[in-house]
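Asks: Return atomic coordinates for the entry below.
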Amino acid sequence: MIPEAVGEFQNLLGADRVLTDEARLQAYKRATIPVNRDICAVILPRTTDEVIGIVRIANRYRTALYPVSTGKNWGYGSANPVRDGNIIVDLSLMNKIIEVDTTLAYAVIEPGVTQEQLFTHLETHATGLMMDPTGAGPQCSVLGNALERGYGITPHGDHFANICGMEVVLADGSLVRTGFGHYTQCKATYAYKYGLGPYLDGLFTQSNLGIVTKMGIWLMPKPECVEAFYFFAPNESDLPGLVDAIRELLLQGTVRSPINLVHRDRALTMIHQYPWQEARGNQPLPEQVAAHLARKEHLGVWNGIGALYGTKAEIAAARKTVRKKLKGRAKNIVFLNKSKIFFLKRLLRPVVPILPSQLRSRIDITEKSFGILCGVPSEISLKTPYWRCTTPPPTRNIDPARDHCGLLWFAPVIPMHPSEVRAFVQLARSTVHAFGFEACFTFTAVTARAFDCNFPILYNKKDLEETQRALACYETLMDKCMKEGFIPYRVGINSMGKVVDPSDTFWQAVGKIKSALDPHLILAPGRYSLD
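Replies: From the prediction side, this is the model:
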């Protein structure tokens, strides 16, 4: 029935917004994971009413739809559906910033609004507000990342925690407004999350229960000061002390935003591509080569970054506590603010052309990482997927899927006990090394009690043997970690069947909700669901 449905979609939207030719569909099939999905068509609505019309047509013809915001879900599937035979609903043309309330510090946005778009709007309108960007790059959807329960590293780092009020198209074409939104006269829709009665917002995150077409998101007033702190530890054995320090700083409230702890090998992927000549073809990267590169880049084995937000007096007091907690646990601690970075760049401006390339790179990375802490989206982290790619990353408009990079994200949540973190490090390192890949750890304190380990498996996607080995590595790591209790906070389209257990009463309950809301399985079948 798909041809008949496509004809109706064309009548609704116009032929120019219903894509069926293979050349145009190829852009949606690109991914950094090894996947080859059969995509029937792509449709591009501009309004919520058009989404409602699309869903009603799909119901009549029992046609599966797979909505994406901008399709930049690198390492998890990009714009690909979980199963074959879906029609992609590309929401990127729904890109209006509907409202920004500068007094209550929130924005109301559509799914196609990108990080760059929201940042630019806040700056050009002199709102005095800042957003929390992820490392997924300027073209990533703000709404899409929040629905995946993604995070950043400012005080608003928990993106789902800062959602307030959704507009959702259900599988039967009805429109639901969550929280207070269904009371059209309500004045606090985007100021109070919970409304009256059951709290529904969580149902539409990491699910296939509806298409979110509008969302309120809380923003952060720009503080008087932002001061980043960087710390470096020279030995693998320094990890337990760093874990203790991070937990203590967060639990006592000295630091109000996530802290990142980055292993040397992950940091190298943001600066270099795989040094095949120095490694003499060996995989994974030999220890002596990694250590040599790290010395040139002035990297520790473990490298931390966090930030302090507030008045000058608040930051001065917090700085003392940070130094005290990290003393004896990190070898070097460096504090930087906007003025210091500006002074450094101005001081070095006359000699920048003759500085060693690694020093120029370090200055650039420092400036961009500080920018993220201040709410400025950046492509700095998007160089990582090019680690084993046969071509270097472009200087701008980085697109790992377009450039055939190989990246599989594994993102388990680890309790912030040194013993648990160490156990995970040992398990993950031994597993990926056995398959010939680097152990690229980044621990982000997503709460004061737990890390997410944003762990990439990086491979050459043009090499069939290496691609198959990367997939086997990922599946082995996933199986081992699930068995040991290191469960990912999100998974890619290739893993949803692994985490959804039909015998688990939790997933049975999810299935009952799915059956009630979407009996014909119209929306994203298989996405975090039995059906």
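
Asks: Please count neighbours and contacts with C-alpha atoms only from this point.
Replies: Fine.

Asks: Now do the buried residues in stretch 448-464.
Replies: Under the neighbour-count criterion of 16 or more other Cα atoms under 10 Å, stretch 448-464 has 448, 450-461 buried.

Asks: can I get the CA coordinates of it in PDB?
Replies: This file holds the C-alpha atoms of stretch 448-464, laid out as PDB (Å, rounded to 0.1, in the frame of the first residue of the first chain):
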ATOM      1  CA  ALA A 448      26.500  13.800  41.400                       C
ATOM      2  CA  ARG A 449      26.400  10.100  41.800                       C
ATOM      3  CA  ALA A 450      27.000   8.600  38.300                       C
ATOM      4  CA  PHE A 451      29.100   8.900  35.200                       C
ATOM      5  CA  ASP A 452      28.000   8.300  31.700                       C
ATOM      6  CA  CYS A 453      31.000   6.900  29.800                       C
ATOM      7  CA  ASN A 454      30.800   8.200  26.300                       C
ATOM      8  CA  PHE A 455      32.800   5.400  24.700                       C
ATOM      9  CA  PRO A 456      33.400   5.300  20.900                       C
ATOM     10  CA  ILE A 457      34.500   2.400  18.900                       C
ATOM     11  CA  LEU A 458      36.300   4.000  16.000                       C
ATOM     12  CA  TYR A 459      37.100   2.100  12.800                       C
ATOM     13  CA  ASN A 460      37.700   2.500   9.000                       C
ATOM     14  CA  LYS A 461      34.300   2.100   7.500                       C
ATOM     15  CA  LYS A 462      35.800   1.500   4.000                       C
ATOM     16  CA  ASP A 463      37.600  -1.600   5.300                       C
ATOM     17  CA  LEU A 464      35.100  -4.500   5.300                       C
END
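
Asks: Now do it: everything it contacts.
Replies: Residues outside stretch 448-464 that contact it (Cα atoms under 8 Å, 6 or more residues apart in numbering) are 32, 34, 247, 250-251, 385, 387-390, 404-416, 432, 437-446, 466-467, 470, 474, 489.

Asks: State the mean pLDDT of that stretch.
Replies: The pLDDT scores in stretch 448-464 average 97.

Asks: mind starting the numbering at 16 from now?
Replies: Noted, 16 is the first residue going forward, which turns the last one into stretch 463-479.

Asks: any idea how far it is from the chain center?
Replies: How far stretch 463-479 lies from its chain's middle: 12 Å, per Cα atoms, centre = their mean, to the nearest Å.

Asks: And stretch 497-512, by the same measure?
Replies: 15 Å.

Asks: pull the CA atoms of it into CSV?
Replies: Extracted C-alpha coordinates of stretch 497-512, given in CSV (Å, rounded to 0.1, in the frame of the first residue of the first chain):
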residue,chain,number,x,y,z
MET,A,497,24.9,-5.7,30.4
LYS,A,498,25.9,-8.8,32.3
GLU,A,499,28.0,-6.8,34.8
GLY,A,500,25.3,-4.2,35.3
PHE,A,501,26.9,-1.3,33.3
ILE,A,502,23.7,-0.5,31.3
PRO,A,503,23.8,2.2,28.6
TYR,A,504,21.6,5.3,29.0
ARG,A,505,20.8,5.2,25.3
VAL,A,506,21.5,2.8,22.4
GLY,A,507,21.6,2.9,18.7
ILE,A,508,19.2,1.4,16.2
ASN,A,509,21.4,-1.8,16.0
SER,A,510,21.0,-2.5,19.7
MET,A,511,17.4,-1.9,20.5
GLY,A,512,16.5,-5.6,20.1
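
Asks: got a list of contacts for that stretch?
Replies: 50, 90-92, 95-97, 163, 221, 424-429, 439, 467, 496, 541-545.

Asks: Please flag which of those sit within strands.
Replies: Under the assignment DSSP state E, the contacts of stretch 497-512 contribute 424-425, 428-429, 467 to strands.

Asks: Can you turn the buried part of the residues you listed into a PyMOL selection?
Replies: Buried residues among the ones in strands among the contacts of stretch 497-512 (16+ other Cα under 10 Å), as a PyMOL selection:
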select buried, resi 424+425+428+429+467
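
Asks: Tell me the one of the ones in strands among the contacts of stretch 497-512 nearest Phe350?
Replies: When these are compared for distance to Phe350 (Cα to Cα), Asp467 wins out at 24.5 Å.

Asks: Can you give me the distance of that closest one to Val277?
Replies: Distance of Asp467 to Val277, computed by Cα to Cα, to the nearest Å: 12 Å.

Asks: now Pro18
Replies: Distance of Pro18 to Val277, computed by Cα to Cα: 50 Å.

Asks: higher neighbour count, those two?
Replies: Shown here are Pro18 and Val277; by other Cα atoms under 10 Å, Val277 has more neighbours (22 against 11).

Asks: For that one, which non-adjacent residue is closest in space?
Replies: Nearest residue to Val277, sequence neighbours excluded (Cα to Cα, 6 or more residues apart in numbering): Thr457, at 4.4 Å.

Asks: Let me see the contact set for that neighbour.
Replies: Thr457 touches 275-278, 281, 468-470, counting by Cα under 8 Å, 6+ apart.

Asks: hey, where'd the strands end up in the stretch 266-415 of the chain?
Replies: Using DSSP state E, counting those that start in this stretch, the strands of the stretch 266-415 of the chain run over 275-278, 317-325, 347-352.

Asks: Let's verify Asp253: helix, strand, or coil?
Replies: Using DSSP: H, G, I helix; E, B strand; the rest coil, the structure places Asp253 in helix.

Asks: For it, give me the pLDDT.
Replies: pLDDT for Asp253: 98.

Asks: so it makes contact with Gly343?
Replies: No: counting by Cα atoms under 8 Å, Asp253 stays clear of Gly343, with 9.5 Å between them.

Asks: Of those two, which one has the most company?
Replies: The neighbour comparison of Asp253 against Gly343 (other Cα under 10 Å) goes to Asp253, with 17 against 13.

Asks: Can you tell me how far that one is from Leu442?
Replies: Asp253 is 18 Å from Leu442, by Cα to Cα.

Asks: ok now the longest helix seen in the chain, how far from the chain's centre?
Replies: As assigned by DSSP state H, the longest helix anywhere in the chain is helix 479-499. Taking Cα atoms, centre = their mean, one finds the center of helix 479-499 at 21 Å from the center of the full chain.

Asks: Just checking, which helix or strand succeeds it along the chain?
Replies: The C-terminal neighbour of helix 479-499 among helices and strands, as given by DSSP states H and E, is helix 511-514.

Asks: buried ones in that next one?
Replies: 511-512, 514.

Asks: Same list (the buried residues of stretch 463-479) but as CSV, adding distance to Thr135 and secondary structure.
Replies: As requested, these are exported to CSV (distance: Cα to Cα, whole Å; DSSP: H, G, I helix; E, B strand; the rest coil):
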residue, distance to Thr135, secondary structure
Ala463, 31, coil
Ala465, 32, strand
Phe466, 31, strand
Asp467, 29, strand
Cys468, 30, strand
Asn469, 27, coil
Phe470, 30, strand
Pro471, 30, strand
Ile472, 33, strand
Leu473, 32, strand
Tyr474, 34, strand
Asn475, 35, strand
Lys476, 34, coil
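
Asks: need those in a markdown table with distance to Thr142, can you?
Replies: Putting the buried residues of stretch 463-479 into a markdown table (distance: Cα to Cα, whole Å) gives the following:
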| residue | distance to Thr142 |
| --- | --- |
| Ala463 | 30 |
| Ala465 | 33 |
| Phe466 | 32 |
| Asp467 | 32 |
| Cys468 | 34 |
| Asn469 | 32 |
| Phe470 | 36 |
| Pro471 | 36 |
| Ile472 | 40 |
| Leu473 | 40 |
| Tyr474 | 42 |
| Asn475 | 44 |
| Lys476 | 43 |
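
Asks: Which residue ranges of the stretch 66-215 of the chain form strands?
Replies: With strands called from DSSP E, counting those that start in this stretch, the stretch 66-215 of the chain shows them at 80-83, 101-105, 112-116, 121-124, 144-145, 178-184, 190-192.

Asks: Ok, which of the ones you listed comes nearest Asp216?
Replies: strand 178-184 (7.0 Å).
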